[in-house]
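Peer 1: A predicted structure for the sequence below; I have some questions about it.
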Amino acid sequence: MKRVLILGGGFAGVESAIYLKKNKFDVTLVSDRDFFYIYPTSIWIPTGALESEDARISLDELSRKHRFELIVDPVVDFDASTKKTTLESGKILEGFDYLVIALGQSKLGHDGIEHTLSICGKPKQATDLYDRLDLLVQRKSGRIAMGFGGNANDKSAVRGGPAFELMFNVDTYLRKKKMREHFELTFFAPMAEPGKKMGPEALKVIDKMFKSKNIKRRVGTKILRFEKDGVVFTDQTKLEADLIMYIPAGTGHHITTKAGLPLNEAGFVKTNRFCEVEGFESIYAVGDNAALMGPKWKAKQGHVAEVMARNVAHNIALHAKGIQEGKKSYVEHLSILCVMDTGDGAAFVQRDERASKIIPMPIFGHWMKKGWGWYFKNSKLGKIPRIPGM
């Protein structure tokens with residue numbers, strides 16, 4: 001039986017493991033933590049609408065259900081030329097027939113980044129956001145700034161959606177507590193039109209939502225640094241804030257950038273449309289650590305990572321059989337797809353090569369996304385049937 005090593009226990013890594021096992025491979029998955037974190041549902045943790053544990057799936061439980069070997073031990077070094085992987089414990093992994101790199105991405109830094117918390121950072125930061133927000137609620141007033149950054153070398157490495165969602169959820173949360181008028185909410189981003197990737201209609205709807213909810217904006221000026229009490233921009237103006245939530249743009253993972261792999265300007269691993277790493281046989285890159293091909297509006301998202309993972313499992317199976325035809329490409333499946341939750345409703349956003357659209361879903365949209373979270377967790381664990389394509 002051919003052996004496959006998967007580095008990373010996120011969306012791309014777990015999906016790769018599940019589908020490679022379906023294709024009868026001997027699979028080992030390495031993760032730096034013992035749980036799979038469902039980032040799309042973590043937006044409810046800061047307002048207390050979801051417990052941190054409910055946004056987690058035990059990797060041990062997943063490994064037992066899908067019968068792959070699990071090693072919880074951070075990767076500290078990887079050599080592409082030999083496929084040798086070194087773990088934090090000192091353990092060496094080598095001799096695998098195939099390697100799937102699904103380590104995710106590192107984050108671009110800013111001076112003073114320690115004064116911010118990110119909903120897309122380490123899971124503990126979501127609960128830290130809850131604690132910080134709760135202190136302001138107890139005080140019954142505050143200035144809250146939320147935003148995200150961009151990477152000029154790779155514009156796909158942006159996480160804008162969760163920033164919009166968390167801002168709207170906090171607005172709803174404060175209104176329910178009847179203290180919204182005592183809080184100043186400001187959204188900030190260095191680009192002139194944050195959210196443009198989702199399409200022109202989505203941009204109009206977001207603009208309308210900001211105005212109707214009295215959320216201020218500070219966009220179009222680069223961030224110079226963060227301070228304990230605010231955000232300083234390159235024009236020397238300052239956005240005063242008691243709480244700063246900031247999602248940095250992604251950059252190449254610190255392990256892959258020194259592994260001898262081909263990289264784009266932002267440090268992401270170059271592959272072809274079949275996720276095969278350029279110049280290396282039997283090495284694949286999936287998810288956020290891979291440089292995406294495709295249209296200018298492309299974005300790194302969980303569903304894209306899972307499409308890449310399923311395709312890689314298929315392509316590795318063909319390679320193991322010596323079959324050259326029939327490989328699957330992820331490029332034609334690229335799309336922006338999300339249910340943008342507001343805490344009391346949502347909007348369905350979709351963009352692909354044919355069109356872009358945003359459909360408001362008052363009230364039931366919120367419960368639709370909540371339902372997706374329940375479905376995602378239980379279908380991954382095999383407790384309920386999985387809907388094809390989801």
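Peer 2: Ah, there it is. Numbering: from 1, shown residues only.

Peer 1: check which helix or strand covers L166.
Peer 2: Using DSSP states H and E, the element containing L166 is helix 161-176.

Peer 1: ok, now M209?
Peer 2: Assigned by DSSP H and E, M209 falls in helix 200-212.

Peer 1: how long is stretch 291-301 from one end to the other?
Peer 2: For stretch 291-301, the first-to-last residue distance is 13 Å (C-alpha to C-alpha, to the nearest Å).

Peer 1: how distant is that stretch from the center of its chain?
Peer 2: 13 Å (C-alpha atoms, centre = their mean, to the nearest Å).

Peer 1: cool, stretch 179-187 as well?
Peer 2: Per C-alpha atoms, centre = their mean, the displacement of stretch 179-187 from the mean C-alpha position of its chain is 27 Å.

Peer 1: quick one: contacts of that stretch?
Peer 2: By C-beta atoms under 8 Å, 6 or more residues apart in numbering, the surrounding residues in contact with stretch 179-187 are 136-137, 140-147, 163-164, 167, 170-171, 174, 194, 210, 213-219, 239, 241. Quick note: C-beta positions are derived from backbone N, CA and C, even for glycine.

Peer 1: What of stretch 107-126?
Peer 2: With C-beta under 8 Å, 6+ apart, stretch 107-126 has contacts from 37, 39, 42-43, 45-46, 52, 55-56, 128-129, 132, 149, 151, 159, 162-163, 166, 223-228, 243-251.

Peer 1: redo that, cut-off 7 Å
Peer 2: 37, 39, 42-43, 45-46, 52, 128-129, 132, 149, 151, 159, 162, 166, 223, 225-228, 244-251 (C-beta atoms under 7 Å, 6 or more residues apart in numbering).

Peer 1: Just the ones of those residues in strands?
Peer 2: If you go by DSSP state E, the contacts of stretch 107-126 have Y37, I223, R225, F226, E227, I244, M245, Y246, I247, G250, T251 in strands.

Peer 1: May I see the residues you listed organised as CSV, with distance to T82, pLDDT and neighbour count added?
Peer 2: What follows is the ones in strands among the contacts of stretch 107-126, written out as CSV (distance: C-beta to C-beta, whole Å; pLDDT from 0 to 100; neighbours: other C-beta atoms under 10 Å):
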residue, distance to T82, pLDDT, neighbour count
Y37, 31, 98, 17
I223, 40, 97, 22
R225, 41, 98, 15
F226, 41, 98, 21
E227, 45, 98, 16
I244, 43, 98, 26
M245, 42, 98, 27
Y246, 38, 98, 25
I247, 36, 98, 24
G250, 27, 97, 26
T251, 25, 97, 20
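
Peer 1: With respect to R386, which of those residues is nearest?
Peer 2: Y37 (19.6 Å; C-beta to C-beta).

Peer 1: Tell me how far the closest one lies from K124.
Peer 2: Counting by C-beta to C-beta, to the nearest Å, the gap from Y37 to K124 is 11 Å.

Peer 1: Same check on G48?
Peer 2: Counting by C-beta to C-beta - G48 and K124 are separated by 16 Å.

Peer 1: now R143
Peer 2: Distance from R143 to K124, by C-beta to C-beta: 24 Å.

Peer 1: Also H115?
Peer 2: The value you get for H115 to K124, if C-beta to C-beta is used, is 16 Å.

Peer 1: and what of D26?
Peer 2: For D26 relative to K124 (C-beta to C-beta), the value is 34 Å.

Peer 1: So between the two, which is more surrounded?
Peer 2: More crowded of D26 and K124, by other C-beta atoms under 10 Å: D26, with 16 against 10.

Peer 1: Check whether the more buried one really touches R3, as I assumed.
Peer 2: Yes - counting by C-beta atoms under 7 Å, D26 touches R3, with 4.6 Å between them.

Peer 1: K357 - how many residues pack around it?
Peer 2: 14.

Peer 1: what kind of secondary structure is it in?
Peer 2: With DSSP: H, G, I helix; E, B strand; the rest coil as the basis, K357 sits in strand.

Peer 1: pLDDT score for the closest residue to it other than its chain neighbours?
Peer 2: Closest residue in space to K357, ignoring its immediate chain neighbours: Q350 at 5.5 Å, by C-beta to C-beta, 6 or more residues apart in numbering. On pLDDT, Q350 comes in at 94.

Peer 1: just to revisit the earlier point, quick one: which of the contacts of stretch 179-187 sit in helices?
Peer 2: L136, V137, A163, F164, M167, V170, D171, L174, F210 (DSSP state H).

Peer 1: wait, what's in contact with the third one?
Peer 2: Looking back up the chat, that one is A163. M146, G147, F148, I247.

Peer 1: most neighbours, which of those?
Peer 2: M146 (28 neighbours).

Peer 1: So the protein: which segments form each domain?
Peer 2: 3-105+252-334, 110-245 (automatic domain parsing).

Peer 1: And the strands in the stretch 51-200 of the chain?
Peer 2: 56-58, 69-72, 75-79, 84-87, 92-93, 98-101, 106-107, 142-148, 183-189 (DSSP state E, counting those that start in this stretch).

Peer 1: Parallel or antiparallel, which strands does the third one pair with?
Peer 2: Strands that pair with strand 75-79, judged by DSSP bridges, come out as strand 84-87 (antiparallel).

Peer 1: which regions of the stretch 251-390 of the chain sit below the pLDDT cut-off?
Peer 2: Across the stretch 251-390 of the chain, the ranges flagged by pLDDT under 70 are 389-390.
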